[in-house]
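Trainee: Need coordinates for the following:
(chains A and B)
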Amino acid sequence: MMLLLLLLPAAIMFVASFFLHPMARRLLPLSSFAILIPIVELFRLPKPYPLWGHALIADDLNTYILLVSSIVGIGVTLALMTLDKHVNVTPKAIRSFYRFFALFWIGLTVSILANHMGIFWIGLEMATLSTVYMIKTSRQPAARKEAWNYMIVGAIAISLVLFGIILIYASAKPVLGEDAMYFDALRLHARSIPSPYLFEMGFAIATMGMFVKMGFFPMNLWLANIERAAFYPIAALFSGILESAVIAGFFRFSRIAEVINRSHLLGYVFVYALVTIFIVAFLIYRAKDFVRLFSLSGVEHMALIALFWVSGGTFAALLHFGAHAFLKPALFLSTGVLESRGRYHISGALRGYGGVRGTLFYYLVTLFLLAIISLPPSPMFFSEIYGFGAMIDMAEQSHHLLAMIGAILLLLILLSVIFYRFVSLYQSMKYEGEVEPKRVYASEVAALSLFALGLVALLLPASMTFLRSIG
Amino acid sequence: MTDFLIGLFLATLITALFTTRLYRLLLWYSLNSLTLGILAIELGSRLDDRGMILSGTITLIVKAVGIPFFLKRLSQHLGLVRQITPNIRIQYAIILIPAILVFTFYLAEPISHMVEGNANYVAVSISSLFLALLLMMEHRNIAPKIIGFLSMENALFLLGTTATGGMPMLVELGIFFDLLMAIVVINLLLRNEEVTS
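Mentor: Numbering: from 1, shown residues only, chains lettered A, B, ... in the order given. Down below sits the predicted model:
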C-alpha cells in the first residue's frame, strides 16, 4: 500500500499525459505534492520498513534520499507549467515529456528504495531509457544528436553497472545463494565472501558505470553537452533525482566494499574523484554558459560527496548531497529565465527584474549562486568543513596524514578556482550588461521558493540530528 | 554442446563486426540470440533450473525472432540506409578482434578459480561485451549502434548465465522488460529521425 502511494503521483502523471489539457497541467504539481504524505509517514515508521518483501525497503538513508528527490520532482512539475513560455515546444511534445518524466520518476523511486541489486539496476535502466525521449522532445538538431549520445553512453554506463552486479553476485552466491543480490545480506556476510577479488572487481566496474553516469572522469563533458542540448528541466531532473539514485547506489555498494577492503576502496575512490575534480575545475573556469557551468559544478559536488562518504564523513556527505540536490535543480530551472536573452549572455542576467515576483526571483537566484560556492551559512559550507574534518580524522587513524593534507590542499586550490569563476560570474550578472525587462512566472518563483525552503530546512537542528543518526 | 554454442555465439558476433549490410547484420544478431537462447535452455536443463529454461525460451522468442523482425520492418518502413560500412578497415579489425580476445582471456585469468563452472565462459562473455562495444563504435549509422547495444545486452546475459549459474528470475524478467522499453524508445527516436541516417 505504501509503495503504491509513493508511485501514485507519477502514475497519475503518466495517465494524465495521454489527454493532458493545458489547464490540467496546473493540477499535476498538486498531485505531485501528494508524494510527501507517504514519505512523512515513512519517517514515522520503524526502520527498516519493508515496502515490497525484502527487495524494496525504507531505511533512514533511502527515506531521506527519497524525500529530497521527491521535493525536486515537485519543483520540476511546478516549473514545467511555464516551459512553453521559455522554449519552443508543441503541446504534443509536452505530453510526451510528462509521460516519460512519469516513467523516469517511477524508475528512480524504485531504484532509491531498492535493497536488491537487480531491482536497483532495473529502475536505473528504466530511468535512463525514459530520459532519452525526454531529451528528444526538443526539436533542435543538437538535441537529436545528444539523445542518441545519451542512449549510447548511458547504455554503456548502465551495462558496466550490470556487469559489476553480476560479478558481485557471482562472488557471493556460493555462500548466500540468491540472497547474494540483497545489499543488506551482502553487507552482513561481506567477510565470508569466498572470492573478495571477484567482488572488488565487480565493485570497481559497477562504480565506474555509476561514475560515468554522473559525468566523472573520463566522461566529464558528455552530461554537460546533453543538458545543454535538452530543455532546462531535464538538467534539473538529472541533478536532483537521477544523480540521487546513482549516488544512493554508490553509498550501498561502498558500504559492502568497505568491509571487504577499506584501503582499496579509499585508494580507488580518492584517485578517481581527485582526477575528476582536477579536470572539472578547469572546465568550469572555461565554461561560457549557465547550463554547462552548473552541470560541471554538479560533477564536482558529486565527487566531493563520494570523497566525504568513503572517508567516513556520513553526515557531511548527506548534508552536501541534500544541499546539492536542492541548489542545482533550482539553478537549472532559473536558467529558463536567465537565458531569456540567449545562451551566452551572462552579463546583466541578474538585472531587469521588477515587481514582487522579479525581486523575489533575483534574491533567490543570488542566494543559490552564493550558496553553491559554500559561502556561510550555506549547508555546503558546513558539509565541507565536516567532510574535510572526516578526511583528516581518517588519515590520523591510518597514518597517512601527510598524504591526506596534500590531497586536501589540492582540493582547496581546485575549489578556489571554481569559487573564483562563480564570483566573477555573479559580478558579471549583477553589475555588467544592459538592463532589460524580463518576465518571471509565479510557478517558477514557487519552485525556487520550495528549493530555498528545503535548503533552510537542512540547517534546522532536527534535520542535522537526523542526518547524524544515519550510520 | 555448451562449448560449441558459446563458440558459435562468439563467432556470430565477430561476423557481425565485418558485416556491411543492415539486414545481414540483423540476421547475425538473430543467430547470436538464437545460440544464447539454446545455450540457456541447455544449461537450464542440465542444472534443472526452470528459471533459466524460461529465460532461454523468452530469449528465443523476443531476441532471436521478435526484435530482428521488428527492426527489419521498421527499417523498411522508415527507409533506413542499408549499406553500413564500418569505420575500422577490415585489415585493422582482423588484428584488433584477436587482440581483444587475448586481452580478455588474460583479464579473466585471476578469476578463473573463483567462478563456478568453466572460467573460459566468463572470458568469452567479457570479450563479447568488448566486441559489442566495438560494434557500437565502428559505425556512424544509428541502426548498427542499436544492434551493438542489443549485442551488449546479450553479452551480459551470457555472463549472468555462465558466471553465476543463472541470475534470479526477477532480475531476468526485469532485464527483458527494460529491453522491450529500449525497443519502444528506439522506435520513437527512429520515427523522428532523419531517414538519411
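
Trainee: can you list the residues that contact stretch A:347-362?
Mentor: Under the criterion C-beta atoms under 8 Å, 6 or more residues apart in numbering or on different chains, residues A:290, A:334, A:337-339, A:341, A:365-366, A:426, A:428-430, A:432-438, A:440-442, A:444-445, A:448-449 lie in contact with stretch A:347-362. For the C-beta atoms, the positions are set from N, CA and C on the backbone; glycine is no exception.

Trainee: among those residues, which ones are buried?
Mentor: A:290, A:334, A:337-339, A:341, A:365, A:426, A:429-430, A:433, A:438, A:440-441, A:444-445, A:448-449 (16 or more other C-beta atoms under 10 Å in any protein chain shown).

Trainee: Go ahead and confirm A:Pro196 touches A:Ala257.
Mentor: No - the criterion here is C-beta atoms under 8 Å, and A:Pro196 misses it with A:Ala257 at 9.6 Å.

Trainee: Could you look up the SS state of B:Pro86?
Mentor: At B:Pro86 the chain is in coil, as set by DSSP: H, G, I helix; E, B strand; the rest coil.

Trainee: for the chain, which spans come out with low pLDDT?
Mentor: Because you didn't say which chain, this covers chain A. Residues of chain A meeting the criterion pLDDT under 70: A:20, A:471.

Trainee: ah, no, chain B please
Mentor: Those would be B:115-118, B:192-197, if you go by pLDDT under 70 across chain B.

Trainee: Can you tell me which residues in it are near chain A?
Mentor: B:110-111, B:114-116, B:129, B:133, B:136, B:142, B:145, B:149, B:152-153, B:156, B:159-160, B:163-165, B:167-168, B:170-171, B:174-175, B:177-178, B:181-182, B:185-186, B:188-189, B:192-193 (C-beta under 8 Å from any C-beta of the partner chain).

Trainee: For ChimeraX, write the selection for the buried entries among the residues you listed.
Mentor: Here is the ChimeraX command that selects the buried residues among those (16+ other C-beta under 10 Å):
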select /B:111,114,115,129,133,136,142,145,149,152,153,156,159,160,163,164,165,167,168,170,171,174,175,178,181,182,185,186,188,189,193
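
Trainee: Quick check: closest non-adjacent residue to A:Met134.
Mentor: A:Phe100 (4.8 Å; C-beta to C-beta, 6 or more residues apart in numbering or on different chains).

Trainee: thinking the one you found is in contact with A:Ala127, fair?
Mentor: No - using C-beta under 8 Å, A:Phe100 is not in contact with A:Ala127; the gap is 9.7 Å.

Trainee: Give me the more crowded residue out of those two.
Mentor: A:Ala127 (27 against 23; other C-beta atoms under 10 Å in any protein chain shown).

Trainee: Show me what counts as buried in stretch A:265-284.
Mentor: For stretch A:265-284, by 16+ other C-beta under 10 Å, it's A:265-266, A:268-270, A:272-274, A:276-281, A:283-284.

Trainee: so of these, which ones are in helices?
Mentor: If you go by DSSP state H, the buried residues of stretch A:265-284 have A:265-266, A:268-270, A:272-274, A:276-281, A:283-284 in helices.

Trainee: does A:Glu41 belong to a helix or a strand, and which?
Mentor: Taking DSSP states H and E as the criterion, A:Glu41 maps to helix A:36-44.

Trainee: which residues are contacting that helix?
Mentor: A:Met2, A:Leu5, A:Leu6, A:Tyr49, A:Ala58, A:Thr63, A:Leu66, A:Leu67, A:Ser70, A:Ile71, A:Ile74.

Trainee: Could you report the distance from A:Ala236 to A:Ala325?
Mentor: Shown here: A:Ala236 relative to A:Ala325, a distance of 10 Å by C-beta to C-beta, to the nearest Å.

Trainee: which residues are common contacts for those two?
Mentor: What both A:Ala236 and A:Ala325 touch, as defined by C-beta under 8 Å, 6+ apart, is the set A:Val72.

Trainee: Show me what from the stretch 51-200 of chain A comes close to chain B.
Mentor: So the stretch 51-200 of chain A meets chain B at A:55, A:116, A:118-119, A:121-122, A:125-126, A:129-130, A:132-133, A:136, A:144, A:147-148, A:151-152, A:155-156, A:159, A:162-163, A:166-167, A:169-171, A:173-174, A:178, A:181, A:194-195, A:197-198 (C-beta under 8 Å from any C-beta).

Trainee: Next up, the contacts around the residue in the stretch 251-400 of chain A positioned nearest to chain B.
Mentor: Nearest to chain B, among the residues of the stretch 251-400 of chain A, is A:Ile260, at 13.7 Å (C-beta to the nearest C-beta). Applying C-beta under 8 Å, 6+ apart to A:Ile260 gives the contacts A:Ala190, A:Arg191, A:Ile193, A:Pro196, A:Phe199, A:Glu200, A:Phe203.

Trainee: Then A:Phe270?
Mentor: A:Phe270 touches A:Leu307, A:Val310, A:Ala407, counting by C-beta under 8 Å, 6+ apart.

Trainee: How about B:Leu26?
Mentor: Counting by C-beta under 8 Å, 6+ apart, B:Leu26 has contacts B:Pro68, B:Leu71, B:Lys72, B:Ile147.

Trainee: what about 10 Å?
Mentor: B:Ala16, B:Thr19, B:Ile67, B:Pro68, B:Phe69, B:Phe70, B:Leu71, B:Lys72, B:Ser75, B:Ala143, B:Pro144, B:Ile147 (C-beta atoms under 10 Å, 6 or more residues apart in numbering or on different chains).

Trainee: would you turn the contacts of A:Phe270 into a markdown table with secondary structure, neighbour count and distance to chain B?
Mentor: Converted to a markdown table, those look like this (DSSP: H, G, I helix; E, B strand; the rest coil; neighbours: other C-beta atoms under 10 Å in any protein chain shown; distance: C-beta to the nearest C-beta, whole Å):
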| residue | secondary structure | neighbour count | distance to chain B |
| --- | --- | --- | --- |
| A:Leu307 | helix | 28 | 28 |
| A:Val310 | helix | 26 | 24 |
| A:Ala407 | helix | 19 | 29 |
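
Trainee: Show me what the helix or strand hosting A:Asn149 is packed up against.
Mentor: Element membership for A:Asn149 (DSSP H and E) is helix A:141-176. Applying 3 or more C-beta pairs under 10 Å, 6 or more residues apart in numbering or on different chains; DSSP states H and E, one finds that helix A:141-176 contacts helix A:117-136, helix A:183-188, helix A:196-213, helix A:222-229, helix A:243-260, helix B:119-137, helix B:142-164, helix B:169-191.
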